[in-house]
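Undergrad: One predicted model, sequence on top.
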Amino acid sequence: MLDPAILHSLEARMPPEPPAMVQERIALDPAGEEFFRIGTLMADRFEADAQVYIEAMAATQRKLDGSKPTTFGTPEEIARFAQAIASYEGVAELRAHNAARMQKRAERQAKLEAKLYPSVTVARRKILKRLLETDRRLIDAVLDHALFIRALRSEIDPATQEAQTFSDASDLRGYLAGLGAV
């Protein structure tokens, strides 16, 4: 049985979502200041939630960093690791896809409303930039955690213990060249 702290690292919550109002809703009010004020409040909250999430992920990793499992995991535990890895990587991929869609949609919206509501367009672009930057930080944190879990899995999976390891990049290149991979 693995250390419960290691298993707990698989159950971390998923990152917060960007605020729906800024992401989806068409701003009908020509007062860009009001849009910017509301958007800023929502972006501030999203950034705060993102920072809490990123710090929680980092704390989990720090807690387990350097600890070596004393036993191999059971097939069920290894499967849980694989499931967690797939889940985190899937979330990151979906978020990246949704961020790209949100940016395209916002640019289309900005083109449509630029002549009618220029101040709203400027505010929308500023808020969108903040949201996308925050979401990129979250995606990076999720992928980093998936890699961390992948590394933990390699330590508990007996199948990976027989694999050859390389401490020098030139040794790895030589091995891969011998396989015809490079």
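TA: The structure has been received and is ready for your questions. Numbers count the residues shown, from 1 in each chain.

Undergrad: And for residue 126, the neighbour number?
TA: 16 (other CB atoms under 10 Å). (Glycine included, C-beta is placed from N, CA and C.)

Undergrad: again but with residue 90, I slipped
TA: 12.

Undergrad: following the helix or strand where residue 34 lies, which helix or strand comes up?
TA: Residue 34 belongs to helix 32-64 when assigned by DSSP states H and E. Downstream of helix 32-64, the first helix or strand assigned by DSSP H and E is helix 75-113.

Undergrad: avg pLDDT for that following helix?
TA: For helix 75-113, mean pLDDT rounds to 90.

Undergrad: Stretch 153-164 now?
TA: Per-residue scores along stretch 153-164 average to 78.

Undergrad: let's have the chain start at 416 instead
TA: Okay, residue one is now 416; in that scheme the one you just asked about reads as stretch 568-579.

Undergrad: now residue 540: how far from residue 521?
TA: Residue 540 sits 8 Å away from residue 521, going by CB to CB, to the nearest Å.

Undergrad: out of those two, which sits in the more crowded spot?
TA: The neighbour count for residue 540 versus residue 521, taken as other CB under 10 Å, is higher for residue 521 (21 against 14).

Undergrad: For the more buried one, list the residues it contacts.
TA: By CB atoms under 8 Å, 6 or more residues apart in numbering, residue 521 lies in contact with 539, 540, 543.

Undergrad: Mind putting these into TSV with secondary structure and distance to residue 575?
TA: Formatted as TSV, these follow (DSSP: H, G, I helix; E, B strand; the rest coil; distance: CB to CB, whole Å):
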residue	secondary structure	distance to residue 575
539	helix	48
540	helix	47
543	helix	42
